[in-house]
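Undergrad: predicted model, plus sequence, below.
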Amino acid sequence: MNWPNDALEVLKQTSRTFYIPIVQLPGGLQEAVTSAYLCMRAIDEIEDHPHLDNVTKAQLLRSLSLQLQTGTGSDDHFTPNWGESYNQLPEVTVRVSDWAKLAPDSIAPRIWDATAAMADRMAIWAERNWTVNTVADLDSYTFSVAGAVGLLLSDLWAWYDNTQTSRMDAIGFGRGLQTVNILRNHREDKARGVDFFPDSWTAPQMQAYARHNLEFAERYTQSLPKGPALDFCRIPLVLAQGTLKTMALGKPKLSRDDVMQLIGQVSNG
């Protein structure tokens with residue numbers, strides 16, 4: 001197997017947006033962040049699968065979590081028993097064991113732990129069909145799926161070069177990005193019977209929630225010294241801010257040209 005080129009190719013297929021900042025990371029950190037992203041994406045593909053029922057999703061997620069909790073070294077095999085679901089799952093999911101072993105040994109267990117915890121939380125949300133009634137529910141969901149990722153990334157920055165960050169701001173960063181995703185995917189989510197808006201909330205209220213959390217993201221990013229963490233974080237932040245402004249104007253999302261222009265501004269800034 002060709003590392004890291006094979007992983008980066010799968011990353012490019014699953015997220016061109018995150019592919020851009022990840023490929024710019026230095027060696028070691030690039031493998032760690034790629035491992036984390038692909039492991040989380042493996043879980044996400046189970047959560048969002050259009051043809052698996054929620055009971056099956058919860059079973060697969062818990063099975064994956066338990067496998068990740070067995071890790072003792074780079075020779076581990078983290079593949080759960082996918083059962084009859086195997087042929088319905090994408091490559092990024094069925095190869096989760098490959099992604100888990102991609103990170104350097106000195107940080108890999110932190111990624112396994114974060115992925116296992118994420119899978120357990122997503123199993124709970126699958127069983128309740130992602131029901132969000134209150135703002136507290138929304139806070140819980142956005143932490144479960146994204147705030148916790150902000151905490152993991154903070155740990156990766158500290159592991160790589162001792163870059164210190166605010167954990168509170170990291171949670172808000174994740175929440176803000178996830179809320180923009182919720183807004184962007186609201187129509188598709190409702191079509192599959194899922195609504196992440198608290199009861200009686202409208203789009204302007206959810207946009208205000210997103211803006212509030214992106215203030216944490218702005219503070220988080222501004223506190224970073226020059227280096228790989230700052231280079232990485234500026235891109236998803238500016239894309240989230242741009243998407244939010246676009247949706248406030250009544251447009252569904254940024255165009256591909258808009259995305260590349262914003263990334264170019266960040267890269268040249």
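TA: Perfect, thanks for sending it.
Undergrad: give me the number of residues near Asp76?
TA: For Asp76, the count of nearby residues is 16 (other CB atoms under 10 Å). All C-beta spots, glycine's among them, are computed from the backbone N, C-alpha and C.
Undergrad: let me fix that: Asn133
TA: Residues contacting Asn133 under the criterion other CB under 10 Å number 12.
Undergrad: I'd say it and Ser200 touch.
TA: No - counting by CB atoms under 8 Å, no contact exists between Asn133 and Ser200, whose distance comes to 9.9 Å.
Undergrad: list the buried residues of the least confident helix or strand in the chain by mean pLDDT.
TA: Every helix and strand of the chain was ranked by mean pLDDT, DSSP states H and E. The lowest is helix 256-268, at a mean of 72. Buried residues in helix 256-268, counting neighbours by 16 or more other CB atoms under 10 Å, are found at Val259, Leu262, Ile263, Val266.
Undergrad: same deal with stretch 130-137?
TA: Trp130, Val132, Asp137.
Undergrad: what does it contact?
TA: Residues outside stretch 130-137 that contact it (CB atoms under 8 Å, 6 or more residues apart in numbering) are Leu138, Tyr141, Val194, Asp195, Phe196, Phe197, Pro198, Asp199, Tyr209.
Undergrad: let's see the pLDDT reported for the fifth one.
TA: What the model reports for Phe196 is a pLDDT of 97.
Undergrad: helix or strand right after the strand or helix carrying Leu64?
TA: Per DSSP states H and E: Leu64 is located in helix 54-68. Under the assignment DSSP H and E, the closest C-terminal helix or strand after helix 54-68 is helix 91-94.
Undergrad: name the helices or strands packed onto that following helix?
TA: helix 5-14, helix 29-47 (3 or more CB pairs under 8 Å, 6 or more residues apart in numbering; DSSP states H and E).
Undergrad: buried residues in that helix?
TA: Under 16+ other CB under 10 Å, the buried positions of helix 91-94 are Val92, Thr93, Val94.
Undergrad: doesn't Arg175 make contact with Glu215?
TA: No - judged on CB under 8 Å, Glu215 makes no contact with Arg175 at a distance of 10.8 Å.
Undergrad: of those two, who's got more company?
TA: Arg175 (26 against 14).
Undergrad: wait, which of the helices and strands packed on helix 91-94 is closest to Gly73?
TA: helix 29-47 (14.8 Å; CB to CB).
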